[in-house]
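Undergrad: next comes the sequence, and after it the predicted model I'd like to discuss.
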Amino acid sequence: MKAFNLILLHSKWFKANQSVLNVQKTSIIRLTPAKLSHYPLTLVYDDLAATELDTLKFFGLYLDNHLSWKPHVDFLLHNLGIACFVIRRLSHVLGIDAIRTAYYSYFPSLIIYGVVVWGNSNNITEVFLLQKRMIE
């Protein structure tokens, strides 16, 4: 189905359900293979254009238009790096049991969230190397 037909269909649905589409808050991400050329897509609704993004945060997972999961892994590595810093600083003050509690309360929750989706990423080894470095 062409993009114009989809917008027309959605427009009718919004009007039938007495709803309004906020185009200024609407983002578009088009999933394409990395080897294909990418041309910009513009969708207009009520004389406003929806923006097309290369990376989008969706339910706490960062999606890019090639589904490489690199943006999500980078975000995860940043947050895990902060956790490493905090836990290492706490290790000078707290005992091993408190450090273990801090680790298990933060690290696994970040890693496990959405791992079913992003776990097949090529960059997952970086996450496990950081986890290994934290455990040592």
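TA: Cool, the structure landed. Predicted model, so just to flag it, every value in this text is computed and none were measured. Residues are numbered from 1 along each chain as shown.

Undergrad: could you point out the longest helix of this protein?
TA: Looking across the chain with DSSP state H, the single longest helix is helix 70-90.

Undergrad: just the CA trace of it, in CSV.
TA: Output in CSV follows, covering the C-alpha atoms of helix 70-90 (Å, rounded to 0.1, in the frame of the first residue of the first chain):
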residue,chain,number,x,y,z
LYS,A,70,24.5,-0.2,17.6
PRO,A,71,22.8,2.9,19.1
HIS,A,72,21.2,0.8,21.8
VAL,A,73,24.4,-1.0,22.7
ASP,A,74,26.2,2.4,22.9
PHE,A,75,23.5,3.7,25.2
LEU,A,76,23.8,0.5,27.3
LEU,A,77,27.6,0.7,27.5
HIS,A,78,27.4,4.3,28.6
ASN,A,79,25.0,3.4,31.5
LEU,A,80,26.9,0.3,32.4
GLY,A,81,30.1,2.4,32.5
ILE,A,82,28.6,4.8,34.9
ALA,A,83,27.5,1.9,37.1
CYS,A,84,31.1,0.5,37.0
PHE,A,85,32.4,3.8,38.2
VAL,A,86,29.9,4.0,41.0
ILE,A,87,30.4,0.5,42.1
ARG,A,88,34.2,0.8,42.0
ARG,A,89,34.0,3.9,44.2
LEU,A,90,31.7,2.2,46.6
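
Undergrad: show me what it is packed up against.
TA: strand 61-64, helix 96-112, helix 124-135 (3 or more Cβ pairs under 8 Å, 6 or more residues apart in numbering; DSSP states H and E). All C-beta atoms are positioned from the backbone trio N, CA, C, and that covers glycine.

Undergrad: what sits up against it?
TA: 55, 61-64, 98-99, 102-103, 106-107, 110-111, 114, 118, 121, 123-124, 126-127, 130-131, 133-134 (Cβ atoms under 8 Å, 6 or more residues apart in numbering).
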